[in-house]
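A.B. asks: how does the following fold in three dimensions:
(2 chains)
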Amino acid sequence: MKQNRMVNILFVAPCIFAFVMIIIIPFFFGLYFSMTDWNGINNAANFVGFNNFRNLLSTPDFLYSFLITIAYTILSIVFVNIVSFTLALIVTSKLRRRNFYRAGFFVPYLIGGIVLGYIWQFLLNNILVGIGNSLAITALQTSFLSLPNSVIWTMAVVNTWQYAGYIMLIYVASIQSIPASLMEAASVDGASYVSRVFHILIPMMANAFTISLFLTLTTSFKQFDMNLTLTNGGPATRFLDVPVKASQLLAMNIFSTATANRMAEAQAKAVVLFIALLVVSLLQVSINKKKEVEM
Amino acid sequence: MRKTVLKVLAVGVLLAALPLSVFGAGKPEESKDVTVNMFQLKVEIKDAIDGYAAKYSAATPGVTVRVETLGGGGDYGGAMKAKAQAGQMPDIFMIEGRGGYDIWKDYIADLSGEAWVKDTDLAFMVDGKVVGFPVAIEGYGMAYNAEILQKAGIDPATLTTRAAYESALKILDSKKAELGIDAPVAMAASVAGGMWWVAGQHNLAAYWGGGLGFNDTSIIEKALKGQLDDARFLEYAKYVQLLFKYADKKILLNGSYDDQVGSFAQGRTAFLHQGNWVDPNLKQLGVSFKIGYAPHAFLTKEQKGLYLFAPSWYCVNTKSPNAAAAKAFLTSIATTSDGHDYMVNQAGMIPAFKSVTLKPSGQLSQALMAANAKGGNYGVFFGMLPDGAGQNVFGPIFDLFAQNPDNLDQFIADMKRAVANLPKM
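C.D. replies: Numbers count the residues shown, from 1 in each chain, chains lettered A, B, ... in the order given. Prediction:
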């Protein structure tokens, strides 16, 4: 027995080593650098305490990015989960070729975010505008990506197109794990399809909602690749009377701060992102957990 | 029992092998020959510089020059930082201006004594010392399609004041259908298309240096202290307004580089706000019409010069034991006929050295080289701005102005505030 434990430890050791070197140590380095004036090269960084964090509060572009990241996350969570749950209901019904649809809805998830961003940029900037021009539909003649007030809606829709298929699979698995007898009994008792979904399916699937909401929350909050290629942060808009980039989410704001050689400031922003994400996702999981039922 | 012993052994061997494979990999082979490592970011000249490095290595016993190119618009600054942190700092590297110099100054060698210094006006100088080898001359003005202008009855030689531009753009706009163009100007200013640099860097450079002496940095020095020259900026803002009003709206607000250059190449716009680096793109797009450069004449008084600059400089790593060999390699580019052939014919660049007699093939490059020979051009000083000023501060301001070009006062107020914040950046 004792030797088995030894073996276990040895097998786990490479993973622990990698985890410590790649996640744990850089994390604490990051915390430290967020309180310095480090520029990325000079190892002799000066300790400046919480100055970087205090400055963030008076940086309009950061505040704006923070707010629209929250707005984008809410939109994404709502869109993705409603669409994927509906798709899950459809592909678990008695529809013909449901396996084909299941695969079809999942395919967008296999396209990388960078490629996907460019594809949708082309669709929105060229194809839709082209259709608008040839059919003289004024609403389509300006690209949806050039409307500062609604650009994050467009991003949320594109994100839904990509992500709904993946979340759908989680819902499908969960629906299939519910005993058919439960639904049949309710149907014999005269419950309509809608009341069966709302009173049996959804309560029984609470654990699937926990994981799906968690996944959509964290991925939307950290959204970067699609943001970079689809909108590049544009167009510009005005916030607190300062021109800012209308669709620059937090991760991209951190990226453009870092590429302007303001490493410590970028690191402070990253710490804020981490804390915000931690708090929100812990809250979400603990609320969702209370709604779960044991079989 | 034996099985567990075997297991422990197997895992032990694996664990022992892990650090060996990690730390054993990076050791260079010992040799007396010198290897000069160069790290550069111009993907378009990769084959040319690789070829020249191989030729130089073959001709110079004991010296091997190895060039690493960062491909596909990668993050050069980030890659350099990674190399520096890993102790693999290259012997020759590139900077793109004052921002880069400030970061790497501990590593940058003094090149004042090199033979090529007297042969160029564009070396990177700090406190009277030469520290950077100019990679090439780049430059821009307002590129025009000579055939369209001729059909519209406009003589490009007259485009030397803002008023002349205004009347020319009005004529072009009124004859759009007749000339087969969508709009008079292909201008890009959008954050979305990644084109902040055309407006917030290259166009704004007209305000920093236009109409002044080639090395006159007074306007930008003032801006770095937080001040805008109100009268001059008003003239500049009116010029930007003019360009934005007569620009193709789709390209202006959302277009990418390809959209902008493509529209001009297909004859759907008469003017293109781009530099000589579009020559290869125009060639690829099969452009056969005649092209020239008109100045960005934003003042009421006459302006005739183009904007010339060295976009990047090679620096020698002063902490490297191979610094002397690295310096010799750079000197060979500037002073030997093979080096000249590499710059002009292989890499398609305009050399910053006066002794070069070869001619580039692109129409815009030829126009620039002619302008360089004629003199009276303007310097480009946006490299003196703090990092990120163009992309994160001026970019959104120009984008907003492009969305609503009638709001001149707002544009001026935004720029005034942005410049006032420059000292704090």
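A.B. asks: which non-adjacent residue is nearest B:Ala420?
C.D. replies: Take B:Ala420 and drop its neighbours on the chain: the residue closest to it by C-beta to C-beta, 6 or more residues apart in numbering or on different chains is B:Gly226, 4.7 Å away. (Each C-beta comes from the backbone N, C-alpha and C, glycine too.)
A.B. asks: and the one you found, what does it touch?
C.D. replies: Listed by C-beta atoms under 8 Å, 6 or more residues apart in numbering or on different chains, the contact set of B:Gly226 reads B:Val419, B:Ala420, B:Asn421, B:Leu422, B:Pro423.
A.B. asks: and the first one, how far is that from B:Val198?
C.D. replies: It stands for B:Val419. In this view, B:Val419 and B:Val198 are 20 Å apart by C-beta to C-beta, to the nearest Å.
A.B. asks: and the fourth one, by the same measure?
C.D. replies: In this view, B:Leu422 and B:Val198 are 21 Å apart by C-beta to C-beta.
A.B. asks: ok, those two, which is more surrounded?
C.D. replies: B:Val198 (25 against 18; other C-beta atoms under 10 Å in any protein chain shown).
A.B. asks: so which residues of the chain form strands?
C.D. replies: As the question left the chain open, I've gone with chain A. Counting by DSSP state E, chain A has strands at residues A:236-239, A:242-245.
A.B. asks: could you do chain B instead?
C.D. replies: B:34-40, B:63-69, B:92-95, B:124-126, B:129-134, B:138-140, B:142-145, B:183-186, B:269-272, B:291-294, B:307-309, B:313-316, B:378-379.
A.B. asks: if we can go back for a sec, and the strands of chain A, which is most packed in?
C.D. replies: Neighbour counts (mean count of other C-beta atoms under 10 Å in any protein chain shown) averaged over each of these peak at strand A:242-245, with a mean of 26.
A.B. asks: how about B:Met224, nearest residue that isn't a chain neighbour?
C.D. replies: Rather than Met, residue B:224 is Leu. B:Leu422 (5.8 Å).
A.B. asks: contact partners for residue 269?
C.D. replies: With no chain named, the answer covers chain A. Per C-beta under 8 Å, 6+ apart, neighbours of A:Lys269: A:Leu56, A:Phe62, A:Leu250, A:Asn253, A:Ile254, A:Thr257.
A.B. asks: wrong one, chain B
C.D. replies: Applying C-beta under 8 Å, 6+ apart to B:Thr269 gives the contacts B:Asn145, B:Ile181, B:Asp182, B:Ala183, B:Pro184, B:Val185, B:Ala186, B:Asp248, B:Ile251, B:Ser263.
A.B. asks: verify the contact between the fifth one and B:Leu169 for me.
C.D. replies: Yes - with contact defined as C-beta atoms under 8 Å, B:Pro184 reaches B:Leu169; the gap is 4.9 Å.
A.B. asks: shared neighbours, these two?
C.D. replies: Common neighbours of B:Pro184 and B:Leu169 (C-beta under 8 Å, 6+ apart) are B:Tyr246.
A.B. asks: returning to that earlier point: could you export the strands of chain B as JSON lines, including distance to B:Ile103?
C.D. replies: As requested, the strands of chain B are arranged in JSON lines below (distance: least, C-beta to C-beta, whole Å):
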{"stretch": "strand B:34-40", "distance to B:Ile103": "15"}
{"stretch": "strand B:63-69", "distance to B:Ile103": "19"}
{"stretch": "strand B:92-95", "distance to B:Ile103": "8"}
{"stretch": "strand B:124-126", "distance to B:Ile103": "13"}
{"stretch": "strand B:129-134", "distance to B:Ile103": "13"}
{"stretch": "strand B:138-140", "distance to B:Ile103": "22"}
{"stretch": "strand B:142-145", "distance to B:Ile103": "33"}
{"stretch": "strand B:183-186", "distance to B:Ile103": "35"}
{"stretch": "strand B:269-272", "distance to B:Ile103": "33"}
{"stretch": "strand B:291-294", "distance to B:Ile103": "34"}
{"stretch": "strand B:307-309", "distance to B:Ile103": "20"}
{"stretch": "strand B:313-316", "distance to B:Ile103": "11"}
{"stretch": "strand B:378-379", "distance to B:Ile103": "23"}
